[in-house]
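Undergrad: have a look at this prediction, sequence included:
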Amino acid sequence: MQVFKEKELLKQSLSNNKLAGNTIGLVPTMGALHEGHLYLVKEALKSCDQVVVSIFVNPTQFDNPEDLEKYPRNLEKDINLLQNISEEIIVFTPNANELYGDLIISEHFDFDGLDIVMEGKHRTGHFDGVGTVVKLLFEAVEPNKAFFGEKDYQQLQIIRKLTEIENIPVEIVGCPILREESGLARSSRNERLNDLQREKAAFIFETLKETKTLFGTKSANYINDWVEQQFRNYPFLELEYFEISDAKTLKKLTEKREGEHYRAFIAAYAGDIRLIDNLALNN
Ligand code: PAF
């Protein structure tokens, strides 16, 4: 399997693919790969001739230096996991200066309000950092398609917006959330949960499923109060936010409109581990 640390060498390797008109798929990751990432890679392999997986822990999207430091890194294990899927995958794992140049800073984007709600409200500058690194990765790889998980649904919508405002000719493919048997959404952070926390964290998805049922007959205010009450009575998790939002604009639901799609979003802490999840409320 080919592993590149330098943009120029990656570009040279991809140039024959491009000349032959092959479809190039990019799966951007920060490593610590789990089943959720591998699912994205397998989806990419189904519809692309050449798949590039980037592994880069992006400093500009962390608002807390301790989080950046603690972020799990195990390149060798990640490469082995990818190798087990296909030897043909290309891994791109640059260092920060190689990707950013001398100045490792975020560009500021106008995401039309998508970035100021939910995750954006609780993680200052996070989405400018994500937008910056994804734009740099798109410039390095020039993929035809890029694959992102719906677990980070807000990120997915922001990346769609990024390609629109920056005129980047890439198809963004959103892939469904992969769950553990208990229903807990798969995430690199789950590895940090102890057995009890992992078991109890399934409550997040249980609550989301219940909000889907309530959504048929109850108002957003009623459901908000109900969710907050559920978490108050549940000692294992601390709710950071619950929101029902328009699936496209991510604006908080005030009044249901015929023909619009809505999603419920939760962020909650198990100890110091922050977990997020979301669910479509109407299809
Ligand atoms: O979802 C992630 O892992 C990251 O936010 C991404 C898209 C790889 C950018 O660093």
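TA: Structure's in. What do you need? Residues are numbered from 1 along each chain as shown.
Undergrad: next to the ligand, which bits of the stretch 101-250 of the chain? Give me the list.
TA: Within reach of the ligand by CB under 6 Å from any ligand atom, the stretch 101-250 of the chain has these residues: 130, 133, 134, 152, 155. Heads up, the C-betas are built off the backbone N, CA and C, glycines and all.
Undergrad: which pair in the residues you listed has the greatest spatial separation?
TA: Spanning the widest gap among these are 133 and 152, at 13.5 Å by CB to CB.
Undergrad: which of those two has more neighbours?
TA: residue 133 (24 against 19; other CB atoms under 10 Å).
Undergrad: what's downstream of the one helix or strand that one maps to, the next helix or strand?
TA: Taking DSSP states H and E as the criterion, residue 133 maps to helix 126-141. Next helix or strand after helix 126-141 toward the C-terminus (DSSP H and E): strand 145-149.
Undergrad: report the angle between that next one and helix 126-141.
TA: Calculated by axes from the mean of the first three to the mean of the last three CA atoms, to 10 degrees, strand 145-149 forms an angle of 150 degrees with helix 126-141.
Undergrad: residue 50 reaches residue 20, doesn't it?
TA: No: when contacts are counted by CB atoms under 8 Å, residue 50 is not listed as touching residue 20 (9.5 Å).
Undergrad: between these two, point out the one with more neighbours.
TA: Per other CB under 10 Å, whichever of residue 50 and residue 20 has more neighbours is residue 50, with 23 against 9.
Undergrad: alpha carbons only: can I get the lowest-mean-pLDDT helix or strand in the chain in PDB?
TA: Here the helix or strand of the chain ranked lowest by mean pLDDT, DSSP states H and E is helix 65-70, holding a mean of 88. Output of helix 65-70 as PDB, limited to C-alpha atoms (Å, rounded to 0.1, in the frame of the first residue of the first chain):
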ATOM      1  CA  PRO A  65      -5.100  22.200  23.400                       C
ATOM      2  CA  GLU A  66      -5.600  19.300  25.900                       C
ATOM      3  CA  ASP A  67      -8.100  17.700  23.500                       C
ATOM      4  CA  LEU A  68      -5.600  18.000  20.700                       C
ATOM      5  CA  GLU A  69      -2.900  16.400  22.800                       C
ATOM      6  CA  LYS A  70      -5.100  13.600  24.000                       C
END
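Undergrad: so what does the helix or strand following that helix touch, helix or strand wise?
TA: Going down the chain from helix 65-70, the next helix or strand is helix 75-85, by DSSP H and E. Contact analysis of helix 75-85 by 3 or more CB pairs under 8 Å, 6 or more residues apart in numbering; DSSP states H and E lists helix 35-47, strand 50-55, strand 90-92 as its packing neighbours.
Undergrad: is the first one anywhere near the ligand?
TA: No: with CB under 6 Å from any ligand atom as the criterion, the ligand is not reached by helix 35-47; the gap is at least 8.2 Å.
Undergrad: hmm, who's touching that helix?
TA: 23, 25-27, 29, 51, 53, 81-82, 85-86, 89, 145, 147-149, 151, 173, 175, 177-178, 185-187 (CB atoms under 8 Å, 6 or more residues apart in numbering).
Undergrad: any idea how far it is from the middle of the chain?
TA: Taking CA atoms, centre = their mean, to the nearest Å, one finds helix 35-47 lying 14 Å from the centre of the chain it belongs to.
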